[in-house]
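Peer 1: any chance you can model this:
(chains A, B and C)
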Amino acid sequence: MSRSEEILNQVFSNVVQNKCIIRDSEPLMEKFVPEAFPNRDDQIRSIAEAVSPVLIGRQPSNLSIYGKTGTGKTAVTRWVLSRLADKAKENSVSNLQICYVNYRILGGPYRIIVELCKQLGIDKINKIPCSGLALGELFDRFREGLDSQKKTIILVIDEVDWCIEKERGKPQGNNLLYDLNRIQLSQSKIVIIGIANRESKEWLDAGTLSTLKTEEVHFLPYNATEIGDILRQRANLALFGAVLDEGSINVCAALAAAEHGDARRALNLLRVAAELAIRRNNKSITEKHVRDAENSIDFDRVIQTLKDLPAHMKALIISVFAIGETKVVDSSQHTTGRLYETYSKLCKQMIMPPLTQRRVSQLINEMEAMGLIHAVSLNLGHYGRTKKITLGVAPSTIIIALEEHPVYGDIIRSHLPFYA
DNA sequence: CCTCCACCGGAAAGCCGGGTCA
DNA sequence: TGACCCGGCTTTCCGGTGGAGG
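Peer 2: Alright, predicted model coming up:
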């Protein structure tokens, strides 16, 4: 058999194999909205009860939905609201509109309002530019447009706790939630549903919290059994009958439950495990595939994070790497001051002006939060206080991620005399 | 007990690129 | 075309901080 034929054979048999394992990959994707939500009866009932007054023309109270990632907050909320919209149509309630925005993705109050104007179709009529206006002016145009539509708007703001990050330090009157809640409408009504990772009293100031008058719905993390239920439900839709055994489901569920009951992670694990099985020409998905999938997901994520770092963060992590690779094993080498020295030299080498120590200290904290480095506060008494900074990922990971880089690649090699 | 080191980290302001408006 | 706005990144300023050394 020729080389070319071998390649063809491989590709074709992979496709045939794929046909034997994955029927439809959609149900394993994050954006898939199922028809049933196992173990979420209470939450479905609470949300439905809270919003249902719109069906008889009454104003529902605001709603605050909170829970960790992958607990089904967004999916359940969107599903309940889409059913509410259907019911409203059946009952000839024609003025209901549901808007959905994600605070973190849109990144700030200005873009949120612009997006809302688009969804409501008032961007054309009231001339809403995508930037350039003063926030107050933008808000006024939004309010006028909204009011003229004579509608009841259910506004879902996902990841709404990010507004604290973005709007920190601004007076209460500049807070988007506060403004939306106090908006003066004569012909329209607006109901705010906030979805957050934390309980609202943890991130919202007391003043806004009390004016919002929200009801709270809590999504508890799934336990391993519940994640197992979800995996079985989705596997039935996505995979062929006998390719997945109970053992693999349990491992998948246990790994995701150990994190914090994240169903999204469990589904991702299952999908990658299925892809591994296909790639290895296996007929079914085994526990080994699931465990390998976990390692591969973690590894890929770190590599991608490193590759995506901005220039100065890359220079910093290379500096931490370089200090760690020097022969002198002395903890005084790992201090902030020493790191700043190394980093400054590196910047000069690259003809890039170094940032100030203050900014670097900020970047160090960010990188610690990302898990790329460890920074432990250290008291050296008369010799001041500092942080001991070490790599949070294996040096080999740094090498793999950055060795292709035109400049950092050389630096990595120069610090590793025996690096081939 | 006081000093002093080597930083930490909050607050505020500056800079810059991308945009609108009259 | 100049005034103005926004958001992100960065600098400047400055008040802590906790324990070894004097």
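Peer 1: got the phi and psi for whichever residue of the stretch 51-200 of chain A sits closest to DNA strand B?
Peer 2: Nearest residue of the stretch 51-200 of chain A to DNA strand B, counting by C-beta to the nearest atom of the strand: A:G132, 2.0 Å away. Any C-beta I mention is one placed from the backbone N, CA and C, and that applies to glycine too. Main-chain torsions, A:G132, degrees, to the nearest 10: phi 110, psi -30.
Peer 1: show me which residues of the stretch 251-400 of chain A sit near DNA strand B.
Peer 2: Within the stretch 251-400 of chain A, the positions near DNA strand B by C-beta under 7 Å from any atom of the strand are A:335-338, A:340, A:357-358, A:361, A:364-365, A:377, A:380-387.
Peer 1: pull out the buried residues from the residues you listed.
Peer 2: A:335-336, A:338, A:340, A:364, A:386-387 (16 or more other C-beta atoms under 10 Å).
Peer 1: please enumerate the strands of the stretch 201-350 of chain A.
Peer 2: Secondary structure of the stretch 201-350 of chain A, counting by DSSP state E, counting those that start in this stretch: strands at A:214-219.
Peer 1: in the stretch 1-150 of chain A, where is pLDDT below threshold?
Peer 2: Applying pLDDT under 70 to the stretch 1-150 of chain A flags residues A:14-19, A:124-126.
Peer 1: ok so, going back, could you report the separation of the residue of the stretch 51-200 of chain A closest to DNA strand B from DNA strand C?
Peer 2: As judged by C-beta to the nearest atom of the strand, to the nearest Å, A:G132 and DNA strand C stand 5 Å apart.
Peer 1: burial count for that residue?
Peer 2: By other C-beta atoms under 10 Å, the residues close to A:G132 number 8.
Peer 1: likewise for A:S2?
Peer 2: Neighbours of A:S2 under the rule other C-beta under 10 Å: 7.
Peer 1: what's it in contact with, if anything?
Peer 2: For A:S2, the contact set (C-beta atoms under 8 Å, 6 or more residues apart in numbering) is empty.
Peer 1: can you tell me the SS state at the closest residue to A:K118 other than its chain neighbours?
Peer 2: Excluding its sequence neighbours, the residue lying closest to A:K118 (C-beta to C-beta, 6 or more residues apart in numbering) is A:I128, at 7.9 Å. For A:I128, the assignment made with DSSP: H, G, I helix; E, B strand; the rest coil gives coil.
Peer 1: confirm for me that A:I128 is in contact with A:D140.
Peer 2: No - judged on C-beta atoms under 8 Å, A:I128 makes no contact with A:D140 at a distance of 11.0 Å.
Peer 1: higher neighbour count, those two?
Peer 2: A:I128 (19 against 13).
Peer 1: okay, the more buried one and A:Q119: tell me how far apart.
Peer 2: 12 Å (C-beta to C-beta, to the nearest Å).
Peer 1: likewise A:N102?
Peer 2: To A:Q119, A:N102 is 12 Å away according to C-beta to C-beta.
Peer 1: ok, now A:S377?
Peer 2: A:S377 is 47 Å from A:Q119, by C-beta to C-beta.
Peer 1: A:I399 now?
Peer 2: Taken as C-beta to C-beta, the span from A:I399 to A:Q119 is 46 Å.
Peer 1: now the helix or strand that contains A:L155 - C-alpha only, PDB.
Peer 2: Here A:L155, judged by DSSP states H and E, is contained in strand A:152-158. Taking Å, rounded to 0.1, in the frame of the first residue of the first chain, the C-alpha atoms of strand A:152-158 are listed here in PDB:
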ATOM      1  CA  THR A 152     -42.500  45.000  29.500                       C
ATOM      2  CA  ILE A 153     -38.800  44.200  29.400                       C
ATOM      3  CA  ILE A 154     -37.300  41.300  31.300                       C
ATOM      4  CA  LEU A 155     -33.600  42.100  31.300                       C
ATOM      5  CA  VAL A 156     -31.200  39.300  32.200                       C
ATOM      6  CA  ILE A 157     -27.700  40.500  33.100                       C
ATOM      7  CA  ASP A 158     -25.400  37.500  33.300                       C
END
